[in-house]
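In: Provided below for reference: sequence and predicted model.
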Amino acid sequence: MSDFLREYIIVALFGALAFGLVATFIGLASLIRPSRPTPAKVENYESGVDPVGSSWSQSQIRYYIFALLFVMFDVEAVFIFPWATRLEDLGLFGLVEMVIFIFILVLGLAYAWRKGVLRWV
């Protein structure tokens, strides 16, 4: 057996061991834990407010889009940091690439602004 294949077998064995341990602990926990459901325990809980009406409600899509925009600009900061630390080594090429990257993100921000996504209602 080659060393290459042996390394993959070791990884597979560790993966199977991890999966087996997780399955064992989850199964053991389901056998040990107490299970006494009461109407108060299975009731929906909304931050201390008693639920009124049905438990299904439609949420506004604008909150989801606002969160996606936040993540997009948060990831932008993650990409800009390594660039800023290596700016001297990258030279003009690195500067041009980052300007293009930021320009694309500004286009996305302008599009979101124009569509009214950034209005918090």
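Out: Ah, there it is.
In: Check the offset of the least confident helix or strand in the chain by mean pLDDT from the chain's centre.
Out: The weakest-scoring helix or strand in the chain, judged by mean pLDDT, DSSP states H and E, is helix 61-85 (a mean of 82). Mean C-alpha position of helix 61-85 versus that of the full chain (Cα atoms, centre = their mean, to the nearest Å) differs by 12 Å.
In: Which residue is the nearest non-sequential neighbour of I65?
Out: Distances taken as Cβ to Cβ, 6 or more residues apart in numbering put V117 closest to I65, at 5.2 Å, once the chain neighbours are dropped. For glycine as for every other residue, the C-beta is placed from the backbone atoms N, C-alpha and C.
In: can I assume that neighbour is in contact with R62?
Out: Yes. V117 lies in contact with R62 (Cβ atoms under 8 Å); the separation is 6.5 Å.
In: what residue lies at the spatial centre of this protein?
Out: Central residue of the chain (Cα atoms, centre = their mean): V71, 9.0 Å from the mean position.
In: can you give me the helices in the protein?
Out: 3-32, 61-85, 87-115 (DSSP state H).
In: Name the residues that touch the second one?
Out: Here helix 61-85 makes contact (Cβ atoms under 8 Å, 6 or more residues apart in numbering) with 90, 94, 98, 101-102, 105, 108-109, 112, 117-118, 120-121.
In: so where's the protein uncertain?
Out: Applying pLDDT under 70 to the chain picks out residues 45-53, 55, 121.
In: Pretty sure L118 sits against Y111.
Out: No. Using Cβ under 8 Å, L118 makes no contact with Y111, being 10.6 Å away.
In: so who does L105 touch?
Out: Shown here is L105, whose contacts under the criterion Cβ under 8 Å, 6+ apart are 72-73, 76.
In: Turn the buried ones among these into a named ChimeraX selection, would you?
Out: This is the ChimeraX syntax for the buried subset of these, where burial follows 16 or more other Cβ atoms under 10 Å:
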select :76
